[in-house]
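> Next one to model:
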Amino acid sequence: MRTNRRRSGTNNRAASLAPSWGLGEIGLNRRSAVIGVLLAGTPFVHGACLAQQPSPAPWGITAVEGLRLGHHTLEERPTGCTVVLAGEGMVGGVDVRGGAPGSHETALLDPVNSNQGVHAVVLSGGSSFGLSTTAGVMQYLDERDIGVRVGSKTVPIVVGAILYDLGLEEDRRIRPDAACGYAAAEAASAGTPAEGSVGAGAGATVGKLGDPYRPMKGGFGTASITLGNGLTVAAAVAVNAVGDIVDPMTGEIVAGALSEDGASLLDMRRVLREDSDLEPPPAGTNTTIGLVATNASLTKAQINKVAQMAQDGLARTTYPAHTPSDGDTVFSLSSGAWDGEANVLLVGALAADVMAEAILRAVRLAEGLPGIPSASEFKR
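Modelled structure (predicted):
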């Protein structure tokens, strides 16, 4: 199958986020740190304040056994897609909070509907044109006989959501397509995923309130947490929000709308209180799309609740969130590989935590574009 040219999805800046010390060097182990912050009622965003010690085990969304992730990033302009393969199928759910979503097959994830398995989740740039990436993923799975058996045929269940990045293509028509989806599925692995300006996050931007607006670079991020009993919860997200991205631990704006001269951040928390005539961007031109996953065994209704709770992580880090101009969509998957007793409250709370961390990582690891600085490049 012919594909667009691929730019490497590797990101060598990921390690720069974490200091060289680990939890043990400050008198804590990861499990006690997690329990402590949960009891204190504080959002746990360990990548923002505590280091990850290097480990051969996958970290991020692929820490959930059975998941594989692949990016395909186009060279012609900043855009691409990200595919998460769910093996022979996992119980899936979704929660849509944005007022302008673009999605594929979300209705079948409703607990009242009969389907019980999802074989892949696709996140893509390209606005609605990007939904065609799901066809490439379906072809990839069909060739490997992965899907729901319907008589003598196999039908893969592929769900997906898109974000708008067409403002970066100028007068050209360069969008992720079926070939992009197929290439991302071929590239999928169980290793720790690349983050930043890759895949669905390649053309993402944040901070787009105002006329004219002056955004900063968004991106793709992932995060995970594993408790001492083996329970794992993870997230992956492409951040293309209309609002600012805020670190909930400090209140600092990590990336967002810039002033007219580009020298400072406007801070939408202040602007929205002072400028009631602020013109919102057109509906559908922004969104944060992602998924959370766990190795706990959950029902379809329970994993939908987890997706709903995971949206709290988006709300903690994005201001404003779930607007009429955004299409905020979070999918959820349950692998059932862990044999412990599932606690939906705990899984949902941790899902919000890792979603918040993944959003922060997405913008911190992004690489800027001409006229669109990244968080790492912006001089405060």
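
> And the helices in this protein?
With DSSP state H as the criterion, the chain has helices at 30-40, 46-49, 133-143, 178-187, 268-274, 300-317, 344-364.

> Buried deepest among those helices, which one?
helix 344-364 (a mean of 26; mean count of other Cβ atoms under 10 Å). Bear in mind the C-beta positions are built from the backbone N, C-alpha and C, glycine included.

> which stretch among the helices of the chain comes nearest Gly230?
Gly230 lies closest, by Cβ to Cβ, to one member of the helices of the chain: helix 30-40, at 11.1 Å.

> returning to that earlier point: want to try a markdown table for the helices of the chain, with distance to Gly262 and mean pLDDT as columns?
Output for the helices of the chain, formatted as a markdown table (distance: least, Cβ to Cβ, whole Å; pLDDT from 0 to 100):
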| stretch | distance to Gly262 | mean pLDDT |
| --- | --- | --- |
| helix 30-40 | 36 | 39 |
| helix 46-49 | 25 | 40 |
| helix 133-143 | 33 | 98 |
| helix 178-187 | 32 | 98 |
| helix 268-274 | 16 | 88 |
| helix 300-317 | 23 | 97 |
| helix 344-364 | 17 | 98 |
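
> Out of those helices, the one nearest Ala238 is which?
Nearest to Ala238, of those and by Cβ to Cβ, is helix 344-364 at 7.1 Å.

> okay, which residue is most central for this structure?
Val237 (0.5 Å; Cα atoms, centre = their mean).

> returning to that earlier point: of all the helices of the chain, which one is nearest Gly70?
Nearest of the helices of the chain (Cβ to Cβ): helix 178-187, 3.6 Å.

> Where does the prediction get shaky in the stretch 201-350 of the chain?
211, 276, 284 (pLDDT under 70).

> Stretch 210-226 spans what distance, first to last residue?
Separation of the first and last residues of stretch 210-226 by Cα to Cα, to the nearest Å is 41 Å.

> do the same with stretch 145-155
With Cα to Cα as the measure, stretch 145-155 spans 8 Å from end to end.

> List the contacts of it.
Here stretch 145-155 makes contact (Cβ atoms under 8 Å, 6 or more residues apart in numbering) with Glu88, Gly89, Asn115, Gly117, His119, Leu141, Asp142, Pro156, Ile157.

> export the strand ranked longest in the chain as CSV, just CAs?
The longest strand of the chain (DSSP state E) is strand 80-96. Taking C-alpha atoms only, strand 80-96 is exported to CSV below (Å, rounded to 0.1, in the frame of the first residue of the first chain):
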residue,chain,number,x,y,z
GLY,A,80,-0.2,12.8,11.0
CYS,A,81,-2.1,10.1,12.8
THR,A,82,-1.6,7.8,15.9
VAL,A,83,-3.0,4.3,16.2
VAL,A,84,-3.4,2.2,19.3
LEU,A,85,-3.9,-1.5,18.6
ALA,A,86,-5.8,-3.5,21.2
GLY,A,87,-4.8,-7.0,20.3
GLU,A,88,-7.7,-9.4,19.8
GLY,A,89,-10.1,-6.8,21.3
MET,A,90,-10.7,-4.9,24.6
VAL,A,91,-13.8,-3.6,26.2
GLY,A,92,-14.2,0.1,25.2
GLY,A,93,-15.9,3.3,26.1
VAL,A,94,-15.9,7.0,25.2
ASP,A,95,-16.8,10.3,26.7
VAL,A,96,-17.4,13.4,24.5
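
> Partner strands of it and their direction?
strand 68-74 (antiparallel), strand 118-124 (antiparallel), strand 329-334 (antiparallel) (DSSP bridges).

> Okay, buried residues for the shortest one please.
Okay, so that is strand 329-334. Within strand 329-334, the residues scored as buried using 16 or more other Cβ atoms under 10 Å are Thr329, Val330, Phe331, Ser332, Leu333, Ser334.

> now the longest strand of the chain: mean pLDDT?
For strand 80-96, mean pLDDT rounds to 97.

> Next up, the contacts around the closest residue to Ala57 other than its chain neighbours.
Spatial nearest neighbour of Ala57, chain neighbours left out: Ala63 (7.0 Å); criterion: Cβ to Cβ, 6 or more residues apart in numbering. Applying Cβ under 8 Å, 6+ apart to Ala63 gives the contacts Ala57, Ser224, Thr226, Thr232, Ala234.

> Quickly list what the residue nearest to the centre of the chain is bridged to.
Gly221, Gly290.

> List the contacts of it.
The contact partners of Val237, taken as Cβ under 8 Å, 6+ apart, are Phe220, Gly221, Thr222, Thr288, Ile289, Gly290, Leu291, Met355, Ala358, Ile359, Ala362.

> JSON lines please, covering those and showing distance to Asp312.
Shown next, in JSON lines, are the contacts of Val237 (distance: Cβ to Cβ, whole Å):
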{"residue": "Phe220", "distance to Asp312": "20"}
{"residue": "Gly221", "distance to Asp312": "17"}
{"residue": "Thr222", "distance to Asp312": "18"}
{"residue": "Thr288", "distance to Asp312": "13"}
{"residue": "Ile289", "distance to Asp312": "16"}
{"residue": "Gly290", "distance to Asp312": "13"}
{"residue": "Leu291", "distance to Asp312": "15"}
{"residue": "Met355", "distance to Asp312": "8"}
{"residue": "Ala358", "distance to Asp312": "13"}
{"residue": "Ile359", "distance to Asp312": "12"}
{"residue": "Ala362", "distance to Asp312": "17"}
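
> which of these lies closest to Arg77?
Within these, the smallest distance to Arg77 is 16.3 Å, found for Phe220 (Cβ to Cβ).

> quick one: the closest one and Leu163 touch, right?
No: contact between Phe220 and Leu163 fails when scored by Cβ atoms under 8 Å: they sit 10.4 Å apart.
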